[in-house]
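Visitor: A predicted structure for the sequence below; I have some questions about it.
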Amino acid sequence: MTNKNKKSAGAEHMSCTRQCLGLDVSKDKLDACFSKLCADQSVKIQGTREFSNTPQGWNAVASWANRFRKDAAIPFVVVLEATGVYHEGVAYHLKGSGFSVSVTLPNKSKNYARSLNVKTKTDRADAQVLARMGLERKMDVWQGPSGTLRTLKRLTRERDALLEHKTAVSNQLHATCHEHRAERQIIQRRQQHIAFLNAQIKAVETQIEQVLDGDAELRQRIENVCTIKGVGTLSAVCVVAEANGFDLIENKSQLVGYAGYDVVDRQSGTSVRGKTRISKKGNSHIRKALHFPALTASRHEPKLKNLYERVGARNPKVRMVGAVAVQRKLLVLIYTLYKTNKPFDSQYEEKKKAA
């Protein structure tokens, strides 16, 4: 290599101050974008490629990224969105391979894309946005949920699926029992099926209790959450596990968006004004887990009852709006009590003002 080429290569090397691999994750594939931040603060895309979301694809992603990493001393991070469970495999694999991984909430990356005025919505474009986000923003290193929380998430989802199955079979049994000259054997089989599902649900609930007994700190935090009237152990465990112990949550606004309780307004000019509603783009398991606790809390917790009635009075034709407002408030309370590891105090705000 001539001196001129050496100087050119050295200048190119020195111009790179940060590197980032952005991954847009879907069920079957990964769209990757490797970018670097130059000394003049410009962003240069070094490569884009599509991989399968499989163990073989994860290995290929790691090998492909290492081709661009000229110097291990240059800061490097992999950024991807939390997309249900589809991101977990590649995230754990890359973390185990020695990569610095950052998992961000979808609404956080969406807001960043909006700040760039990005209007193109494709998987490749999303990967480029994530790569640039990792270069320009300080990203927290993802540690991943504990094994206990992963187990609890699987168990609460299994229980939910069993309850849905039981409801379906119970409806079938009810219909069969009211048929003309119902078949006794069909009724018996469905009764046996329901008994089997009840045993399965009980077994799952027992395992959840055993898992909690194996983690004293988590058990204490869950018990503090359950001091809110209407919130039981299973509801609290579901919310905490689905939010991965609120590991990625930095504030209440992110939490509300993660669960899909963020409010969407539809307005255009002065003549068009649609109804406000929640986005429902977040974690549906959390919203489902808070449905019945919110109804109970709206009857037995004075402040939440007042909230329910106040919001309901503004929307008399849709009383469920008040219940949703209580769900949202419950979620924030669970988050606060879990993080502070303190029991619920209905007079907390009054005591704070008095102090």
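Guide: Done, it's in.
Visitor: only C-alpha atoms for contact and neighbour calcs from this point on.
Guide: Noted.
Visitor: buried residues, whatever helix or strand residue 156 lives in. List them.
Guide: Under the criterion of DSSP states H and E, residue 156 resides in helix 147-177. Going by neighbour count (16 or more other CA atoms under 10 Å), the buried part of helix 147-177 is 148-149, 152-153, 155-156, 159-160, 162-163, 166, 169-170, 173, 176.
Visitor: again, but for stretch 69-82
Guide: 69, 76, 77, 78, 79, 80, 81, 82.
Visitor: what do you get for stretch 282-299?
Guide: Residues of stretch 282-299 classed as buried: 282-283, 285-287, 289-290, 292-299 (neighbour count, 16+ other CA under 10 Å).
Visitor: among the residues you listed, which are in helices?
Guide: 285, 286, 287, 289, 292, 293, 294, 295, 296, 297, 298, 299 (DSSP state H).
Visitor: and the last one, what is it in contact with?
Guide: Yep, that's residue 299 we're talking about. By CA atoms under 8 Å, 6 or more residues apart in numbering, residue 299 lies in contact with residue 305.
Visitor: how close does it get to residue 51?
Guide: 52 Å (CA to CA, to the nearest Å).
Visitor: so residue 326 is in which element?
Guide: Assigned by DSSP H and E, residue 326 falls in helix 320-340.
Visitor: strands of the stretch 101-250 of the chain, start to end?
Guide: Applying DSSP state E, counting those that start in this stretch to the stretch 101-250 of the chain gives strands spanning 101-104.
Visitor: for it, which segments count as helices?
Guide: For the stretch 101-250 of the chain, the helices defined by DSSP state H, counting those that start in this stretch occupy 106-115, 123-136, 147-177, 184-213, 216-225, 233-242.
Visitor: who touches the nearest residue to residue 22 once chain neighbours are set aside in this structure?
Guide: Sequence neighbours aside, residue 131 is the residue nearest to residue 22 in space, at 3.9 Å (criterion: CA to CA, 6 or more residues apart in numbering). Residues in contact with residue 131, defined by CA under 8 Å, 6+ apart, are 20, 21, 22, 23, 33, 34, 35, 78, 79.
Visitor: among those, which one sits closest to residue 233?
Guide: The closest of the contacts of residue 131 to residue 233 turns out to be residue 79 (CA to CA; 33.9 Å).
Visitor: quick one: the strand or helix carrying that closest one to chain centroid distance?
Guide: Per DSSP H and E: residue 79 is located in strand 76-81. Relative to its chain's centre, strand 76-81 lies at 17 Å (CA atoms, centre = their mean, to the nearest Å).
Visitor: contacting residues around stretch 326-345?
Guide: Stretch 326-345 is touched from outside by 220-225, 227-228, 236, 239, 246, 252, 255-256, 261, 287, 290-291, 293-294, 297-298, 304, 307-308, with contacts defined as CA under 8 Å, 6+ apart.
Visitor: and that stretch, what's buried?
Guide: Buried positions in stretch 326-345, judged by neighbour count with 16+ other CA under 10 Å: 326-338, 341-344.
Visitor: export only the CA atoms of it, formatted as PDB.
Guide: Taking Å, rounded to 0.1, in the frame of the first residue of the first chain, the C-alpha atoms of stretch 326-345 are listed here in PDB:
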ATOM      1  CA  VAL A 326     -59.200   3.300  35.900                       C
ATOM      2  CA  GLN A 327     -57.200   0.600  34.100                       C
ATOM      3  CA  ARG A 328     -54.700   3.200  33.000                       C
ATOM      4  CA  LYS A 329     -54.400   4.600  36.500                       C
ATOM      5  CA  LEU A 330     -54.000   1.100  38.000                       C
ATOM      6  CA  LEU A 331     -51.200   0.400  35.600                       C
ATOM      7  CA  VAL A 332     -49.300   3.600  36.700                       C
ATOM      8  CA  LEU A 333     -49.900   2.700  40.300                       C
ATOM      9  CA  ILE A 334     -48.600  -0.900  39.800                       C
ATOM     10  CA  TYR A 335     -45.500   0.500  38.100                       C
ATOM     11  CA  THR A 336     -44.900   3.000  40.900                       C
ATOM     12  CA  LEU A 337     -45.400   0.500  43.800                       C
ATOM     13  CA  TYR A 338     -43.200  -2.100  42.000                       C
ATOM     14  CA  LYS A 339     -40.300   0.300  41.400                       C
ATOM     15  CA  THR A 340     -40.400   1.900  44.900                       C
ATOM     16  CA  ASN A 341     -41.200  -1.500  46.600                       C
ATOM     17  CA  LYS A 342     -43.800   0.200  48.800                       C
ATOM     18  CA  PRO A 343     -47.400  -0.700  49.600                       C
ATOM     19  CA  PHE A 344     -50.300   1.400  48.400                       C
ATOM     20  CA  ASP A 345     -51.200   4.500  50.400                       C
END
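Visitor: how does the chain divide into domains?
Guide: Here the domain parsing of the chain from automatic domain parsing is 15-136, 161-214, 216-348.
Visitor: now the ones you listed as JSON lines including mean pLDDT?
Guide: Output for the domains of the chain, formatted as JSON lines (pLDDT from 0 to 100):
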{"stretch": "domain 15-136", "mean pLDDT": "92"}
{"stretch": "domain 161-214", "mean pLDDT": "96"}
{"stretch": "domain 216-348", "mean pLDDT": "88"}
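Visitor: about what we covered before: strands - which of the contacts of residue 131 land there?
Guide: Counting by DSSP state E, these place 20, 21, 22, 23, 33, 34, 35, 78, 79 in strands.
Visitor: for the closest residue to residue 95 other than its chain neighbours, give me its contacts.
Guide: Excluding its sequence neighbours, the residue lying closest to residue 95 (CA to CA, 6+ apart) is residue 101, at 6.0 Å. Residues in contact with residue 101 (CA under 8 Å, 6+ apart) are 77, 78, 79, 91, 94, 95, 141, 142.
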